[in-house]
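*Asks:* how would this look folded up:
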Amino acid sequence: MKKEIDNHEHDENCNHDHEHDHEGEIDVIYLTFEDDEEVECQVLGVFEVEDKEYIALLPSDEDEILLYEYKDSDEEFDLIPIEDDKELELVSKAYFELFEDEDDLEYGEYDEEE
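*Replies:* Numbers count the residues shown, from 1 in each chain. Have a look, this model is predicted:
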């Protein structure tokens, strides 16, 4: 399934394919950047912070987690870069609090007031 992703990090538009391994329950997204570089990313989780959904991705062969705002519709979803430093800090904190000890990183909800 091919889907468009708008407003990728560094203002690069990219495309991706999405795979789901039902036996291992691993979601994978293939991001294609403007320079045609394709990067396989494992979907670590989708989670909510202050009424917005975010997604955590781990590119293969890298240790750095990518965090994006995630908007899903019927046939497409958008990954929107987090450009505000305060928002990125809040989302990063939420990700690590929700998932640092989790084996199953599919969906979580975070409330800053907790």
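*Asks:* hey, let's count contacts and neighbours off CA atoms from now on
*Replies:* Will do.
*Asks:* so which residues of this protein form helices?
*Replies:* For the chain, the helices defined by DSSP state H cover 85-99.
*Asks:* for the closest residue to P59 other than its chain neighbours, name its beta-bridge partners.
*Replies:* Of all residues not flanking P59 in the chain, C41 sits nearest, at 4.0 Å (C-alpha to C-alpha, 6 or more residues apart in numbering). Counting by DSSP bridges, C41 is bridged to I29, P59.
*Asks:* verify the stated contact: C41 with I55.
*Replies:* No. Assessed by C-alpha atoms under 8 Å, C41 is found out of contact with I55, at 11.3 Å.
*Asks:* what residues are up against the residue nearest to P59?
*Replies:* With contact taken as C-alpha atoms under 8 Å, 6 or more residues apart in numbering, C41 is in contact with 28-31, 57-60.
*Asks:* are any of those residues buried, and if so which?
*Replies:* Using 16 or more other C-alpha atoms under 10 Å as the burial test, these include 28-31, 57-59 as buried.
*Asks:* what's the closest of those to E75?
*Replies:* When the buried ones among the contacts of C41 are compared for distance to E75 (C-alpha to C-alpha), I29 wins out at 14.8 Å.
*Asks:* give me the neighbour count for I82.
*Replies:* Residues lying near I82 (other C-alpha atoms under 10 Å) number 19.
*Asks:* phi, psi for it please.
*Replies:* Main-chain torsions, I82, degrees, to the nearest 10: phi -90, psi 110.
*Asks:* state the distance from it to L66.
*Replies:* Distance, I82 to L66, using C-alpha to C-alpha, to the nearest Å: 10 Å.
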